[in-house]
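Asker: just the structure for this:
(chains A and B)
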2 protein chains.
Amino acid sequence: MRPEEMILVSVDDHVVEPPTMFEQHLPASYKAQAPRVVRKKDGSDVWVFQGEQIPNIGLNAVVGRPPEEYGMEPTSFEQLRKGTYDIHERIREMNVNGLLASMCFPSFPGFCGGLFARQADKELARVMLQAYNDWHIDEWCGTYPGRFIPLALPIMWDPELMAAEVRRAAKKGCHSISFTESPEKLGYPSIHTTHWDPVWRACCDEGTVVAIHIGSGAGMSFTSMEAPVDVMMTVQPINIVSCAADLLWSRVLKEFPPIKFALSEGGIGWMPYFLERADYVHQHHHAWTHQDFGGKLPSEVWREHMIVCFIDDPTGVKNRRDIGLDTITWECDYPHSDTTWPTAPEILAKSMVGVPDDEVHKISWENAMRLFQLDAFKHRPREKCTAGALRAESPDVDLSVKSLQGGKPPSESDGRPVTTSDVMKQLASAFATQAE
Amino acid sequence: MRPEEMILVSVDDHVVEPPTMFEQHLPASYKAQAPRVVRKKDGSDVWVFQGEQIPNIGLNAVVGRPPEEYGMEPTSFEQLRKGTYDIHERIREMNVNGLLASMCFPSFPGFCGGLFARQADKELARVMLQAYNDWHIDEWCGTYPGRFIPLALPIMWDPELMAAEVRRAAKKGCHSISFTESPEKLGYPSIHTTHWDPVWRACCDEGTVVAIHIGSGAGMSFTSMEAPVDVMMTVQPINIVSCAADLLWSRVLKEFPPIKFALSEGGIGWMPYFLERADYVHQHHHAWTHQDFGGKLPSEVWREHMIVCFIDDPTGVKNRRDIGLDTITWECDYPHSDTTWPTAPEILAKSMVGVPDDEVHKISWENAMRLFQLDAFKHRPREKCTAGALRAESPDVDLSVKSLQGGKPPSESDGRPVTTSDVMKQLASAFATQAE
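Answerer: Numbers count the residues shown, from 1 in each chain, chains lettered A, B, ... in the order given. Predicted coordinates:
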């Protein structure tokens, strides 16, 4: 399929929250307590909430920079492409990349709203988290109907409240909720307990997908502080395999037949191996481990419940039938450094050479629209949804690469390989200056 | 290729050390201090060394049991197939499985000789470890020339001594040394330091392969104590991906051009994805991470240095060219529960349907013989090396499955899924009874 003919729905992008986000979504009595953006003396912007400072306004939001500067953490809104935080510019960024629709994970609150979850005042936390969701669903996604798959933040500290939020969000048309790779690493009961059952039940009732992003457990996974940072970047996606195995063998898939989980940014090329391994383990060991999939293989049960996605994964595409053609979706990862923006159609088309058109459609948009309940064609005719048609709508987006946009480099540029330790120090240094 | 026509060399099996192993390999003055097997009051056998008790004489050595009893830890030599610890019976076990040659990892001292490494008396430790290597090379492997790839234990606590042991073992015809997935997790400097350089240099000089078995870092990897044990069994092999990434991006492959690492029991089906991911990371990020492969891709450098293997991995075989046909070897994993004994030829042939004969040969024996310097055909004519010919040599091996051989079950058999916690308690309980 030619790149311009493709229809593209990305199930994993990121929003950098704009400073104005809480203005329209809080009762008057709470407005003064809302998180706010503060410009510091060193010129950097931080979110401040209940005395806590979050300096990484758009962690790794380096789209539009030259690769030499991918390692420099943006520290102010001026250093970001406007499309990272401005909804109208975001749509133009999507158009120029031929992208019909996008699901956006959060930035400053953390993948599972950890900023709110760690507040002592749980009522305040709930109000702010729900305001976040209202902003995300009604304002960010709602401004351009049909162009976004909304994603709610979870009320992690209370499964009953979280279930209620799943139902509240669903009424507003939001059928995804963010969750963690590992509740235990965040201090909550594991998925092998009954603790989360109210959430699973609500998700089944509402047809809501549980979306799990890499790094949503204990953050980045390091082998060693001395290791080149490339080690972390290589294994971060595939490390979701532990969460995948946890889900696959858990009682959740067995006891909640309609439940759907999405693994976000985990890649797919390793999955044929993973599914074969699970089946091998089952065949060799179920007699003593007492696992019972009701006569099915683990891989079959997996395909009934899982949604997977990739950025650029020729091996996964090649072995798509061994993964499960109806489970595969695609992602763009804008505005992070792994993104294929603004040539996503060309890069995806390259890995789709030889793939029949109906299978390309499943992977690039059909599965995503079906599984996340997005009816984009209700809002614009299908012929206006192709990469070519969308690009024609925003011919004037500035695509020039902007050098020296500023930010903190990971190390003195002495040419030696950058290590995990360098990156950790870089991130920590953002916390070292005073708030105001 | 028909199963009987195959030639099979397994690069990952396990030896259960016989009680007599130190008899012939120690100076008289050290004999009294050697590790010895003690029969406890409860009928179990343990190794005892310097007051330390190692109750798991043959951890997971359950070959020959019905699958219902794979979870029961053998606690005495009588509960094991004799081929696990008796060299003459081992050869018959190999024959009946059509297996020409085998590399055997250790059992009671740990994959990297941890039992010796943790002794305060380092001179005693060195003497015992070298006696172990002498027994392994001269007695276990040496009794049947051409039937084994010897593997030395490493002197982990001193890289210079370890380098000397690499050279000493090489002189005796041993060109592999066991190493760990993660030195840091064992309390040593990481592979990203220069600490191990004497070892890498010795291995380059001697053509010795550094063999890294799964679980050789911090042991088993758990997501949660409440998780079904199947989770651990599913991810244990692929978890070697962290070690693989560590090696790939390290200075070791770049600065020691002839060095070879073998990843043991890690499977191969995930590697096409892994190599593509590494290349993607390199292309996107090398401008700021300063990685330099001298104009090559990471995947190309990988194929120059790595030896990989699988038990049963149809996905890996299907994608063998994306992995690197000259890097792939095969393993049998006797006597552990994942083993394909005694039908390895049939199971391997099944995944080789459609693979050209020359490629089957590379995977099933040629790569292993070349990379580990085994010249089996010097000791027996090639036509006597096929699975069919070897089986004909031992027609009378008892292949009946033996039920209720005894051992500790992982949990009360109430039919609920066995958890990580159950297995941990089972292993710990082996330490709960008095030594004598």
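Asker: drop to CA atoms for contacts and neighbour counts, all remaining ones
Answerer: Fine.
Asker: name the SS class of the residue nearest to residue A:334 when sequence neighbours are not counted, please.
Answerer: Using CA to CA, 6 or more residues apart in numbering or on different chains and skipping residues adjacent in sequence, the residue nearest residue A:334 is residue A:13, 5.0 Å away. Recorded secondary structure, residue A:13: strand (DSSP: H, G, I helix; E, B strand; the rest coil).
Asker: beta partners for residue A:13?
Answerer: residue A:104 (DSSP bridges).
Asker: how many neighbouring residues does the residue in the stretch 51-200 of chain A positioned nearest to chain B have?
Answerer: Chain B sits closest to residue A:68 of the stretch 51-200 of chain A, with a gap of 4.7 Å, by CA to the nearest CA. When neighbours are counted by other CA atoms under 10 Å in any protein chain shown, residue A:68 registers 16.
Asker: now it, what's its secondary structure?
Answerer: Put simply, residue A:68 is helix when judged by three-state DSSP.
Asker: immediately after the longest helix seen in chain A, which helix or strand?
Answerer: Across chain A, the longest stretch assigned as helix under DSSP state H is helix A:271-289. Following helix A:271-289 in sequence order, the next helix or strand is helix A:298-305 (DSSP states H and E).
Asker: how about residue A:105, what does it touch?
Answerer: Applying CA atoms under 8 Å, 6 or more residues apart in numbering or on different chains to residue A:105 gives the contacts A:12-15, A:111, A:151, A:178.
Asker: least confident secondary structure element in chain A?
Answerer: Of all regular secondary-structure elements in chain A, judged by mean pLDDT, DSSP states H and E, the least confident is helix A:420-429 with a mean of 84.
Asker: pull the CA atoms of that one into PDB?
Answerer: This file holds the C-alpha atoms of helix A:420-429, laid out as PDB (Å, rounded to 0.1, in the frame of the first residue of the first chain):
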ATOM      1  CA  THR A 420      22.700   5.300  32.800                       C
ATOM      2  CA  SER A 421      24.400   7.200  35.600                       C
ATOM      3  CA  ASP A 422      24.700  10.300  33.400                       C
ATOM      4  CA  VAL A 423      21.000  10.200  32.500                       C
ATOM      5  CA  MET A 424      20.000   9.700  36.200                       C
ATOM      6  CA  LYS A 425      22.100  12.700  37.200                       C
ATOM      7  CA  GLN A 426      20.700  14.800  34.500                       C
ATOM      8  CA  LEU A 427      17.100  14.100  35.600                       C
ATOM      9  CA  ALA A 428      18.000  14.600  39.300                       C
ATOM     10  CA  SER A 429      19.700  18.000  38.500                       C
END
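Asker: so which bits of it are buried?
Answerer: Of all the residues in helix A:420-429, those buried under the rule 16 or more other CA atoms under 10 Å in any protein chain shown are A:420-423, A:426-427.
Asker: now the residues you listed in a markdown table, with distance to chain B?
Answerer: Formatted as a markdown table, the buried residues of helix A:420-429 follow (distance: CA to the nearest CA, whole Å):
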| residue | distance to chain B |
| --- | --- |
| A:420 | 10 |
| A:421 | 12 |
| A:422 | 10 |
| A:423 | 10 |
| A:426 | 14 |
| A:427 | 16 |
